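> sequence first, then the predicted structure:
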Amino acid sequence: MTVRDLVVDLCTEHLDALGGDPVSLQTLVQLLAACGVAEPSTRVAAAALRRSGWLSASRRGRETLLLPTALLRESVAARDERVQRRLDPWDGQWRMVVYSVPETDRAARERVRRGLARAGFGPLAPATWVSPHPSALDEVHAELAGERTSRLDLLTAHVADPRLSDGDLAARCWDLPRLAAAWSRVLDRLRTAAGTVPQGPAALALHLRLRAELRAVLAADPLLPAPLQPAGWPARDVRDAWADTGARLAAAAREHVADVLGVVLPRAAVA
């Protein structure tokens, strides 16, 4: 979790939902203070987001006003759409990438590996990565478009060895026990929060931090289709818990943000 992530989630989850009007930098500082973020850190994150085109700035007297841009919203929407695509039913086929990078270009090799991981691939062998997702080849082609590789083969395959199941193959490519433990920690946090949802600044802090924790685990998870998931896979319970507890936390957090902004929430939104 970074302060930049907190700013983006604050914008997309709360500020946009409350009308999307410009917000003063000082108000942003005040809201993120609830998460334990110091003023200099908020200012640095806001400046970085301005440079990347995710926030625009204007002046009102001596105040700096910040506004989320279309680029920020499009980037967040693209991230969410990528996750949604990986939740589609599995067609039973594996997508495979076989690549080669010159041994002398270690930096390029690391960039290729990171790009493959972002596209939902796991390493079957040092230069052979696989993914169960139908959209994975298109994603990795976009991820690696700027890389100079000696070899880049994009294939579709299936398991032919009767001694190897698709679940066994998934277990070779990803550290599923580590991912399960990470999901279980998020689930424990959600179950603890479900007892008594806090109000005011505490609600905002907990909502943003839980979103950040959930997204961090999600970024490392290939989102394996149900047939490839180990028994008792905790991500399913996390999804259900977030739909309930996350929604209640979001409502309490939004009420606090509305109070700080001086915005009157519709009765249905408060309920």
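That came in fine, so what should we check first?
> what's next to whichever helix or strand L10 is part of, contact-wise?
In this assignment (DSSP states H and E), L10 forms part of helix 3-10. Residues from elsewhere that reach helix 3-10, judged by C-beta atoms under 8 Å, 6 or more residues apart in numbering: 28, 31-32, 35, 37, 41-42, 44-46, 48-49, 54-55, 72, 76, 208, 211-212, 215, 257. C-beta: built from backbone N, CA, C; applies to glycine.
> check those residues for burial and list the buried ones.
Neighbour counting with 16 or more other C-beta atoms under 10 Å marks 28, 31-32, 35, 37, 41-42, 45-46, 49, 54-55, 72, 76, 208, 211-212, 257 as buried within the contacts of helix 3-10.
> what about the strands in this protein?
Counting by DSSP state E, one finds strands in the chain at the ranges 23-24, 55-60, 63-68, 94-100, 122-125, 128-131, 151-157.
> listing partners with orientation, what would you give for the last one?
Paired strands of strand 151-157, with direction, are strand 94-100 (antiparallel) (DSSP bridges).
> what comes up buried for the strand it pairs with?
W94, R95, M96, V97, Y99.
> kindly provide the distance from the first one to V83.
Yep, that's W94 we're talking about. Noted for W94: a distance of 20 Å to V83, by C-beta to C-beta, to the nearest Å.
> quick check: closest non-adjacent residue to L65.
P22 (3.8 Å; C-beta to C-beta, 6 or more residues apart in numbering).
> how many neighbours does that neighbour have?
Other residues within reach of P22, judged by other C-beta atoms under 10 Å, total 17.
> thought it was touching R59?
No. Contact criterion C-beta atoms under 8 Å: P22 and R59 do not qualify, at 10.2 Å.
> mind checking pLDDT for the most centrally placed residue in the chain?
The centre of the chain sits closest to R215, judged by C-alpha atoms, centre = their mean, with a distance of 3.8 Å. We have a pLDDT of 89 for R215.
> that one: what's it in contact with?
Per C-beta under 8 Å, 6+ apart, neighbours of R215: D5.
> over to G120?
R86, S131, H133, A136, E139, P222, L223.
> save the strands of the chain as TSV, and put in mean pLDDT and distance to R172 too.
TSV is the format used below for those (pLDDT from 0 to 100; distance: least, C-beta to C-beta, whole Å):
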stretch	mean pLDDT	distance to R172
strand 23-24	92	48
strand 55-60	91	42
strand 63-68	91	41
strand 94-100	92	12
strand 122-125	94	6
strand 128-131	95	9
strand 151-157	87	14
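> circling back to that earlier point, reformat the buried residues of strand 94-100 into JSON lines and put distance to T2 next to each item.
Shown next, in JSON lines, are these (distance: C-beta to C-beta, whole Å):
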{"residue": "W94", "distance to T2": "33"}
{"residue": "R95", "distance to T2": "30"}
{"residue": "M96", "distance to T2": "33"}
{"residue": "V97", "distance to T2": "29"}
{"residue": "Y99", "distance to T2": "30"}
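> rewinding a little: show me the buried ones among the contacts of helix 3-10 that map onto helices.
28, 31-32, 41-42, 45-46, 49, 72, 76, 208, 211-212, 257 (DSSP state H).
> which one of those residues is nearest to E143?
Lowest distance from E143 to these (C-beta to C-beta) belongs to V76, with 18.2 Å.
> state the distance from that closest one to A33.
If you go by C-beta to C-beta, the gap between V76 and A33 works out to 23 Å.
> again, but for A47
Counting by C-beta to C-beta, the gap from A47 to A33 is 18 Å.
> what's the closest of the ones in helices among the buried ones among the contacts of helix 3-10 to H158?
V76 (34.7 Å).
> so that closest one makes contact with T12?
Yes. Under the criterion of C-beta under 8 Å, V76 makes contact with T12 at 5.3 Å.
> where do the helices of the stretch 151-271 of the chain begin and end?
Secondary structure of the stretch 151-271 of the chain, counting by DSSP state H, counting those that start in this stretch: helices at 166-173, 176-195, 201-220, 235-241, 247-261, 267-270.
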